[in-house]
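Engineer: Below are the sequence and a predicted model; questions follow.
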Amino acid sequence: MKQSLFYRKLVGPIIDLLRQGITPEKIALSLAVGICLGVFPVLGSTTILCTLAAIVFRLNLPATQLVNYFVYPLQVALLIPFIRFGEIIFRAPHVSLSLAIIFDSIKRSVWQTTKTYWTPGWHAMIAWCLVGPLATWILYLVLAPMLRRFAVITGVAAKQSSGVSA
């Protein structure tokens, strides 16, 4: 039976991590951090951020990066909402923009785009700083029990408790 892309690229690797003896809690935290850092509103920064977080907090780097890459479309989708939230926080003037305008500007000149969107960009980063930690905590609280149950369903929990894990 042919497995879906989602299963092969996301679920399968998570099952493999559980089989290697990594706890559901550690995987849940790695996934939560990868998801939240993966939507950080600076395009091109998330791989480095996820790597640093995985090293500093001793998370599972493959799991963190795996979801980081999966949430890239979400990062793009949340870019403007983070900019808008930053405008509200700082009572900044409304910047007329769209994803098409931003990407067209990047194609013409990354440096000019950086200069043009510097203030809305750091406002968006501050907005993310207010939302990101809370979202990480909530995701962890949701993912940890799901992964514990998933470990039981797949039979990995029994192997881990019997000492067979790596």
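Structural biologist: Noted; the coordinates are in hand.

Engineer: and the strand or helix carrying Ala135, what does it pack onto?
Structural biologist: Ala135 belongs to helix 118-153 when assigned by DSSP states H and E. Counting contacts by 3 or more C-beta pairs under 8 Å, 6 or more residues apart in numbering; DSSP states H and E, helix 118-153 packs against helix 12-19, helix 24-38, helix 72-90, helix 156-161. All C-beta spots, glycine's among them, are computed from the backbone N, C-alpha and C.

Engineer: Of all these, which one is nearest Leu134?
Structural biologist: helix 24-38 (9.2 Å; C-beta to C-beta).

Engineer: quick check: angle from that closest one to helix 72-90?
Structural biologist: 70 degrees (axes from the mean of the first three to the mean of the last three C-alpha atoms, to 10 degrees).

Engineer: Pull out the buried positions in helix 24-38.
Structural biologist: Residues of helix 24-38 classed as buried: 24, 26-38 (neighbour count, 16 or more other C-beta atoms under 10 Å).

Engineer: Need the three-state assignment for Val67.
Structural biologist: helix (DSSP: H, G, I helix; E, B strand; the rest coil).
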